[in-house]
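J.: quick one: sequence and predicted model below, then my questions.
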Amino acid sequence: MSTTLNPFKIAQQQISVAAEKLGLDPSIEAMLKEPQRVLIVNFPVKMDDGTTKIFTGYRSQHNDAVGPTKGGIRFHPGVTLDEVKALSMWMTFKCGVVGLPYGGGKGGICCNPKELSPRELETLSRAYFSAISQIVGPDKDIPAPDVYTTPQIMSWMMDEFSKIKQSNQFGVITGKPLIVGGSLGRNEATARGCAFTIKKAAQELEIDLKGAKVAIQGFGNAGSIAARLLDDMGCQIVAVSDSRGGTYNPNGIHPHAVQAHKEQTGSVCGFCQNDMGNDEILELDIDILVPAALENVITEANAANIKARIIAEAANGPTTPEADKILFKNGVMVIPDILANAGGVTVSYFEWVQNLMNYYWSEEEVNLKLEKVMFNAFDKTYDMSRKHHVDMRTAAYMVSIDRVAEAIKTRGWI
Ligand code: GLU
């Protein structure tokens with residue numbers, strides 16, 4: 001992987017830019033540029049064909065100055081140590097920008113979940129959690145879902161940890177099914193939070209959401225639910241894509257119908273008459289672009305061709321620093337990942353609080369609390385960007401670095 005596309009190097013660069021603007025103490029900057037702790041685990045899984053495969057997994061804990069670390073676990077063939085480290089750094093700043101009492105963590109297993117049977121998936125999930133069990137816990141590090149991990153997987157992991165601790169440990173992981181301590185609203189939270197930030201951005205830029213044209217790259221949990229919510233807000237979804245490619249209809253796509261097509265055929269492709277590449281979808285003549293898949297899809301190679309006025313990063317790390325510069329110059333508002341997709345971890349926080357209290361809230365209560373958090377985080381970031389004439393990403397980093405730096409100093413670490 002070239003250095004320019006290495007997410008860990010990108011995360012370090014993003015910290016440098018904000019640190020310079022803040023005049024940050026160089027020791028704090030150095031501390032924030034590395035995770036505090038990284039665990040690499042290699043563990044065996046008995047496969048259905050009788051063989052035993054060794055899998056590699058990671059858990060990175062970036063910084064716990066303001067509270068236990070928090071962040072998802074990803075199952076993907078492309079998972080690397082550097083990717084997990086970067087994702088854990090982004091989690092620290094994500095929690096910071098929405099003001100949660102958490103630092104950042106992230107985990108991953110290099111595997112292809114689409115090739116695993118349900119039994120293999122369960123064995124893999126339990127083995128990984130057991131292997132990292134010493135460093136996680138409700139007051140240490142609280143994992144959650146991420147790319148290709150589900151509430152069912154969270155339930156297996158919680159169960160494995162509960163067996164090790166010989167007591168129910170609902171608070172060790174979030175994104176669980178409701179019956180085992182999940183929170184109402186968690187499943188939709190990433191997309192809902194993203195929709196709230198789009199609403200705010202559209203207000204600031206005086207874009208009418210009624211009829212605003214939207215393209216969504218990635219049709220997993222975040223992308224598919226964002227399509228539904230934005231459609232409810234009056235936007236017109238004109239293109240969606242998944243790992244196999246995209247589909248486009250300038251007159252609008254019905255989110256429920258394309259979801260049904262995906263469930264039937266395994267992909268959104270072929271839903272409209274115009275199929276297109278996953279990258280072509282980014283350059284359409286639209287108002288709002290929602291990258292909701294993986295890292296590094298908006299780069300210096302295509303940033304100048306983007307016509308959308310708002311990019312809301314439902315995915316983590318979809319835009320490179322070179323692309324950020326081009327987009328800022330062209331007046332495109334990028335709502336950065338650490339703000340746009342912070343709804344997921346915010347409702348994870350609500351789930352954890354409910355687990356600790358053993359008292360559960362209504363969906364309405366959760367959504368109202370989420371709205372308040374997201375609006376407030378958007379306003380703080382937007383004000384910072386105006387005050388310092390910086391893009392929204394730098395502003396979001398400035399807001400959260402300020403907070404972590406204060407905790408690091410107050411605790412006497414530096
Ligand atoms: N994986 C999600 C993220 O990247 C959620 C993390 C969480 O809920 O802890 O923000």
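T.: Done, it's in.
J.: just the strands in the chain please.
T.: 37-46, 52-63, 69-76, 103-110, 141-145, 213-217, 236-242, 245-248, 274-276, 288-291, 310-312, 333-335 (DSSP state E).
J.: quick one: residues contacting residue 184.
T.: Counting by CB atoms under 8 Å, 6 or more residues apart in numbering, residue 184 makes contact with 178, 360-363, 366. For every residue, glycine as well, the C-beta is placed using N, CA and C.
J.: just the buried residues of these.
T.: Neighbour counting with 16 or more other CB atoms under 10 Å marks 360-361, 366 as buried within the contacts of residue 184.
J.: hmm, back to that, ok, the contacts of residue 184 vs the ligand, which is closest?
T.: Checking these against the ligand with CB to the nearest ligand atom, the nearest one is residue 366 at 13.5 Å.
J.: how far away is the residue nearest to the closest one when sequence neighbours are not counted from the ligand?
T.: Of all residues beyond its chain neighbours, the one nearest residue 366 is residue 185 (3.8 Å), with distances taken as CB to CB, 6 or more residues apart in numbering. Taking CB to the nearest ligand atom, to the nearest Å as the measure, residue 185 and the ligand are separated by 12 Å.
J.: count of neighbours near residue 185?
T.: Residues within reach of residue 185, counting by other CB atoms under 10 Å, total 22.
J.: my guess is it contacts residue 193. True?
T.: No: with contact defined as CB atoms under 8 Å, residue 185 and residue 193 do not form a contacting pair (10.3 Å).
J.: what residues are shared contacts of these two?
T.: Both residue 185 and residue 193 are in contact with 347, 370, where contact means CB under 8 Å, 6+ apart.
J.: ok, the closest residue to the ligand within the chain - contacts?
T.: For the chain and the ligand, the shortest gap (CB to the nearest ligand atom) falls at residue 72, measuring 2.7 Å. Taking CB under 8 Å, 6+ apart as the definition of contact, the neighbours of residue 72 are 87, 106-107, 143-147, 149, 175, 344.
J.: filter those down to the buried ones.
T.: Members of the contacts of residue 72 that pass the buried threshold by neighbour count (16+ other CB under 10 Å) are listed as 87, 106-107, 143-147, 149, 175, 344.
J.: what residues does this protein put near the ligand?
T.: Counting by CB under 6 Å from any ligand atom, the chain comes close to the ligand at 70-72, 94, 144, 146, 174-175, 316, 341, 344-345, 348.
J.: try it again with 8 Å
T.: Residues of the chain that fall close to the ligand, judged by CB under 8 Å from any ligand atom: 70-74, 87, 90-91, 94, 102, 106, 142-147, 174-175, 190, 316, 337, 341-342, 344-345, 347-349.
J.: contact partners of stretch 393-410?
T.: Residues outside stretch 393-410 that contact it (CB under 8 Å, 6+ apart): 14-15, 17-19, 21-22, 24-25, 28, 31-32, 63, 65-66, 92-97, 99, 103, 319, 324, 334, 336, 338-339, 377, 380-382, 384-385, 388, 390, 414.
J.: so where do the helices sit in the protein?
T.: Secondary structure of the chain (DSSP state H): helices located at 7-22, 26-32, 81-98, 118-131, 151-165, 186-205, 221-232, 255-265, 321-329, 337-340, 342-357, 363-388, 392-410.
J.: among these, which comes closest to residue 278?
T.: Taking CB to CB, helix 221-232 is the member of the helices of the chain nearest to residue 278, at 11.9 Å.
J.: can you list contacts of that closest one?
T.: Outside of helix 221-232, the residues within contact range by CB under 8 Å, 6+ apart are 145, 187-188, 190-192, 194-195, 198, 209, 214, 216-217, 219, 237, 240, 242, 253-256, 258-259, 262, 288, 290, 292-293, 314-315, 341, 344.
J.: next: stretch 374-389.
T.: When contacts are taken as CB under 8 Å, 6+ apart, the neighbours of stretch 374-389 outside the stretch itself are 21, 97-99, 193, 196-197, 200-201, 204, 335, 339, 342-343, 346, 390-392, 394-396, 398-399.
J.: show me which of these are buried.
T.: Buried members of the contacts of stretch 374-389, counted by 16+ other CB under 10 Å: 21, 97-99, 193, 196-197, 200-201, 335, 339, 342-343, 346, 390-392, 394-396, 398-399.
J.: contacts only, for residue 29.
T.: Listed by CB under 8 Å, 6+ apart, the contact partners of residue 29 are 15-16, 19.
J.: now do residue 213
T.: 235-236, 238, 284-288.
J.: now those residues in a markdown table, with neighbour count?
T.: Written out in a markdown table, the entries for those read as follows (neighbours: other CB atoms under 10 Å):
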| residue | neighbour count |
| --- | --- |
| 235 | 25 |
| 236 | 20 |
| 238 | 22 |
| 284 | 20 |
| 285 | 10 |
| 286 | 25 |
| 287 | 22 |
| 288 | 26 |
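J.: identify the farthest-apart pair in those residues.
T.: Top of the distance list for the contacts of residue 213 (CB to CB): 235 and 285, 14.8 Å.
J.: residues making contact with the least confident helix or strand in the chain by mean pLDDT?
T.: Across the helices and strands of the chain, the lowest-confidence element by mean pLDDT, DSSP states H and E is strand 274-276, at a mean of 92. Counting by CB under 8 Å, 6+ apart, strand 274-276 makes contact with 239, 241, 245-249, 269, all of which sit outside it.
J.: let's see 10 Å
T.: In this structure, residues lying in contact with strand 274-276 by CB atoms under 10 Å, 6 or more residues apart in numbering are 215, 239, 241, 244-250, 267-269, 280, 283-284.
J.: mark which of those are buried, thanks.
T.: Restricting these to buried positions leaves 215, 239, 241, 245-249, 267-269, 280, 283-284, with burial counted as 16+ other CB under 10 Å.
J.: surely residue 43 and residue 111 touch.
T.: No: if you go by CB atoms under 10 Å, residue 43 and residue 111 don't touch, sitting 11.3 Å apart.
J.: list residues touching both of those two?
T.: The contact lists of residue 43 and residue 111 share 53, 55-57, 124, 128, where a contact means CB under 10 Å, 6+ apart.
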